[in-house]
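Undergrad: requesting a structural model of the entry that follows:
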Amino acid sequence: MKTVTRLVVFAWLMTASGIVLAEETWQSALSRMPLGVNVTELNRTNCVSLMLDAFQSNAVVKALVFMPGATDELYFFRRAHAKLAKANPSLLDAVVALTNQTYIQATFQPPLLLLCTTEDPTNVIAVIKSKSTATKLQIRSIPDRVVFNDAGWDEVRAVLGKKLSVGLRPFSDTPDSWHFYRHNFAACGVTEWGMLESIAWTGKTSFTVRWWTVDFQIDRRNGAVPAIKNLRVP
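TA: So this is what the prediction gives:
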């Protein structure tokens, strides 16, 4: 009888833990990632590097992506400043501070967390010329942690050429990539398809999947730049 009771209790615990796991949100995952000690403000000099370095492997969020609108707020308009109240803030605290005190928004498109503004398109354009290749890309994962901070296309292509099962185009040092945005994202455990989406989100590009290659092109869609009168303040 005791054995049966223990089995019932064990089964209940396993079920309960499964429910907890299933209900975990991206917010709870990021709340466990330390941002750093004595960080009191996010600004153009530290925001991207601090947040990308803080991103860790987890079961919910596979990539943290700064889209062009977000980096424009930091580097081009130079109007993104966010105060942090806690002595030891988490990555979630940083995201909340940005979304409350700047034009930057957080959008979760599982398993990617996008930091963006109204300037950014809300979907990736992916043209599939080879269904079999696309299927493989959606299944295969890249277990390594990959971080790009203000990286150009040539650096992205050189690093990921060793991790992806397809070749990336355009080739290095060609005019086709000169107008891609700089790449700012951290990924860990993402699928190859998720990696391609992360590249497209952050570089403002679309991509075409062929048999052996994935070709990136400029995404010419433009959203509205946030008007300064709408700035939210804490």
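Undergrad: what's the helix or strand hosting Ala29 in contact with?
TA: Ala29 belongs to helix 26-31 when assigned by DSSP states H and E. When contacts are defined by C-beta atoms under 8 Å, 6 or more residues apart in numbering, helix 26-31 is touched by residues Asn58, Ala59, Val60, Val61, Ser90, Leu91, Leu92, Asp93, Val95, Phe108, Leu113. To be clear about C-beta, it is placed using only N, CA and C from the backbone, and glycine gets the same treatment.
Undergrad: of all the residues you listed, which comes closest to Tyr181?
TA: Sorting these by how near they are to Tyr181, with C-beta to C-beta, puts Leu113 at the top with 17.9 Å.
Undergrad: quick one: mean pLDDT over stretch 158-176.
TA: Taken as a whole, stretch 158-176 has an average pLDDT of 95.
Undergrad: list of residues touching that stretch?
TA: Residues contacting stretch 158-176 (C-beta under 8 Å, 6+ apart): 133, 136-137, 140, 142, 144, 146, 148, 153-154, 156-157, 177, 192, 195-196, 199, 209, 212-217.
Undergrad: just the buried members of those residues?
TA: The neighbour count (16 or more other C-beta atoms under 10 Å) marks 133, 136-137, 142, 146, 148, 153, 156-157, 177, 192, 195-196, 199, 209, 214-217 as buried among those.
Undergrad: so where is this structure shaky, pLDDT-wise?
TA: Applying pLDDT under 70 to the chain flags the ranges 1-22, 229-234.
Undergrad: go again using 90 as the cut-off
TA: Counting by pLDDT under 90, the ranges of the chain that qualify are 1-23, 36-38, 87, 122, 227-234.
Undergrad: in it, what residue spans correspond to strands?
TA: Per DSSP state E, the chain carries strands over the ranges 41-42, 63-66, 82-83, 105-109, 112-116, 126-128, 141-151, 167-169, 183-191, 205-209, 213-218.
Undergrad: so which of the ones you listed comes closest to Glu23?
TA: strand 105-109 (14.6 Å).
Undergrad: between the two ends of stretch 148-165, what distance do you get?
TA: End-to-end span of stretch 148-165 (C-alpha to C-alpha, to the nearest Å): 19 Å.
Undergrad: any idea how far that stretch is from the chain center?
TA: 15 Å (C-alpha atoms, centre = their mean, to the nearest Å).
Undergrad: which parts of this protein belong to which domain?
TA: 26-118, 126-218 (automatic domain parsing).
Undergrad: how long is the first one end to end?
TA: Going back to what we said before, that points to domain 26-118. 21 Å.
Undergrad: can you tell me which of the strands of the chain is most buried?
TA: Greatest average neighbour count among the strands of the chain goes to strand 63-66 (a mean of 26), per mean count of other C-beta atoms under 10 Å.
Undergrad: what's in contact with that one?
TA: 48, 51-52, 55, 91, 111-115, 184-188, 190, 194-195, 198, 201-202.
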